[in-house]
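**Student:** Sequence and computational prediction follow.
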Amino acid sequence: MKTRFTALKGAPDVLPPETNLWGRIENAACEVFAAYGYDEIKTSIIEPAELFLRSIGASSDIVAKEMYSFTDKGGRSVSLRPEGTASVVRAYVEHNLSLRPAPQKFFYRGPMFRYERPQKGRQRQFYQIGAECFGTAHPGMDAELIVMLMAFLERAGLPALSLELNSIGCRNCRPAFKQRLREFFAPHLDGLCPDCQRRHEQNPLRILDCKVERCIAIRAGAPLISESLCAECREHFGALLGLLDAMKTPYTLNPHMVRGLDYYTRTVFEVTSGQLGAQNAVAAGGRYDLLVSEFGGPETPALGFAAGMERLSRLLSAAESLSMPRPEVFIASLGREAAAAALSTASALRARDKRVEVGWEGSLKSQLRRADKMGARYVVIIGEDELRSGSFKWKNLGTGESGETGAEEIFNLLS
Ligand code: ATP
Ligand code: MG
């Protein structure tokens, strides 16, 4: 019996013409990132499971519930990467990239894997494009990274997205804030969702990020981290806001934003769209000044962001209707003899970057029908008569104009 396979749930294929849109988004990123000094890094999609446990954190949703982890044939515990930062930091430490002049800047793109409940805007395999910068604690770097992200989104065709910012403090001021949160939530424990009851002990910061209605209601009166920041963190955040103001980059402060990963320090940010429904975050990131040293590297302040390709693509394809690229020339080839002439004419045009289709088989009528369906601009007919005379019939399918031309002159048609 034959079996018809389908893709795994939450791991959909991306087909043309959407893949072409993805290409445009990636090109926009590559151009903008290059101007900011970011070069591509390609890390492995599969890593030791421990890498994510030690960076993202055992109490995070990602590690607690969503990892694609398994034991390989060598008995190692491995995971498909749920995000990009941990791998880039591993590579930075492993290859001693701290020996290169600071700051070191990288961008990456590729699939990430999280066992989430598939729904609109949420998949189990999804693609991110992200950037990481190592080696400076200066708020100018936070501003530069955020400005770069907004410039990329604008170049990709998405100028009107909202930027939300917060500072979640550092190892000096955060412990006291966590304690204040614990005290605040203690009398409300019964009202919190089971996840938040667990978070209360493990990491009460996460309660601020919970999406459950009753937790949102309870936290309305919770203490704000902005009131607990140490002088250095307050200064850093103030300087960042000043730089964004100077750049006229609009933002909103969101004192409740904490992000779901353990490694963040100080600046965290999210870019959202009003047009995406519940999964409205397009990109997110922040500082992680302690992660490089936690991975055994020298103390190296660092920061980064990741943007979700599917959500970017959805926003863009809602704004313009996607269509398949059309051939500029469709060469109808009739009969065995015509094949070589059709192929060499097509190749000559293709060498000039023209998109050309050859209709290898079928009657002239059926080939013309195909040319029309594909939306070809011109049809050129090569049959036995044309081969003998060396003069090819052509037709502009848009204007109806037609004529005959020698093989050499076909190029002139397309100028
Ligand atoms: P969310 O709040 O939407 O769950 P997140 O905080 O988990 O996002 P990050 O881990 O920071 O997101 O990832 C950055 C971006 O990657 C998100 O803003 C989003 O665009 C995209 N992303 C994250 N998880 C998924 C997913 N399961 N499916 C599709 N895109 C995703
Ligand atoms: Mg998430």
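**Tutor:** Cool, the structure landed. Ligands and ions are numbered 1, 2, ... in the order given.

**Student:** Show me which residues of the protein sit near ligand 1.
**Tutor:** Contact residues, the chain versus ligand 1 (Cβ under 6 Å from any ligand atom): 83, 114, 116, 122-123, 126, 128, 260, 279, 281-284, 306, 308, 310-311. Every residue, glycine included, has its C-beta placed from N, CA and C.

**Student:** Among those residues, which ones are in strands?
**Tutor:** 126, 128, 281, 282, 283, 284, 306, 308 (DSSP state E).

**Student:** May I see the PyMOL selection of the buried members of these?
**Tutor:** Of those, the buried ones can be selected in PyMOL as follows, counting by 16 or more other Cβ atoms under 10 Å:
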select buried, resi 126+128+282+283+284+306+308
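
**Student:** Kindly state the pLDDT recorded for residue 409?
**Tutor:** At residue 409, the pLDDT value in this model is 81.

**Student:** Could you tell me the single residue of the stretch 201-350 of the chain that sits nearest to ligand 1?
**Tutor:** residue 308 (2.3 Å; Cβ to the nearest ligand atom).

**Student:** For that residue, give its distance to residue 129.
**Tutor:** 9 Å (Cβ to Cβ, to the nearest Å).

**Student:** With residue 9 instead?
**Tutor:** Counting by Cβ to Cβ, the gap from residue 9 to residue 129 is 24 Å.

**Student:** Between the two, which is the more surrounded one?
**Tutor:** More crowded of residue 9 and residue 129, by other Cβ atoms under 10 Å: residue 129, with 25 against 10.

**Student:** per-domain residue ranges of the chain.
**Tutor:** 18-173+229-319, 329-414 (automatic domain parsing).

**Student:** Looking at these, which is nearest to residue 196?
**Tutor:** Taking Cβ to Cβ, domain 18-173+229-319 is the member of those nearest to residue 196, at 11.4 Å.

**Student:** of all the domains of the chain, which lies closest to residue 208?
**Tutor:** domain 18-173+229-319 (4.9 Å).

**Student:** At which residues are the helices of the stretch 301-415 of the chain located?
**Tutor:** 309-319, 338-351, 364-374, 384-389, 410-413 (DSSP state H, counting those that start in this stretch).

**Student:** do you know which of those lies nearest residue 205?
**Tutor:** helix 309-319 (24.8 Å).

**Student:** could you say what helices and strands that closest one packs with?
**Tutor:** helix 18-35, strand 125-134, helix 139-156, strand 281-287 (3 or more Cβ pairs under 8 Å, 6 or more residues apart in numbering; DSSP states H and E).

**Student:** List the beta-bridge partners for residue 396.
**Tutor:** Counting by DSSP bridges, residue 396 is bridged to residue 378.

**Student:** swap that for residue 40, please
**Tutor:** residue 107.

**Student:** From residue 100, how far out is it?
**Tutor:** Residue 40 sits 15 Å away from residue 100, going by Cβ to Cβ.

**Student:** Check residue 297 too.
**Tutor:** For residue 297, the distance to residue 100 equals 13 Å [Cβ to Cβ].

**Student:** Looking at the two, which is more packed in?
**Tutor:** The neighbour comparison of residue 297 against residue 100 (other Cβ under 10 Å) goes to residue 297, with 19 against 12.

**Student:** Helix, strand, or coil at the residue nearest to the more buried one when sequence neighbours are not counted?
**Tutor:** For residue 297, ignoring the flanking residues on the chain, the nearest one in space by Cβ to Cβ, 6 or more residues apart in numbering is residue 93 at 3.7 Å. Under DSSP: H, G, I helix; E, B strand; the rest coil, the three-state class of residue 93 is helix.

**Student:** What count of nearby residues applies to residue 93?
**Tutor:** Counted with other Cβ under 10 Å, residues neighbouring residue 93 total 20.

**Student:** Residue 263 now?
**Tutor:** 22.

**Student:** Look at it and tell me its secondary structure.
**Tutor:** Going by three-state DSSP: residue 263 is coil.
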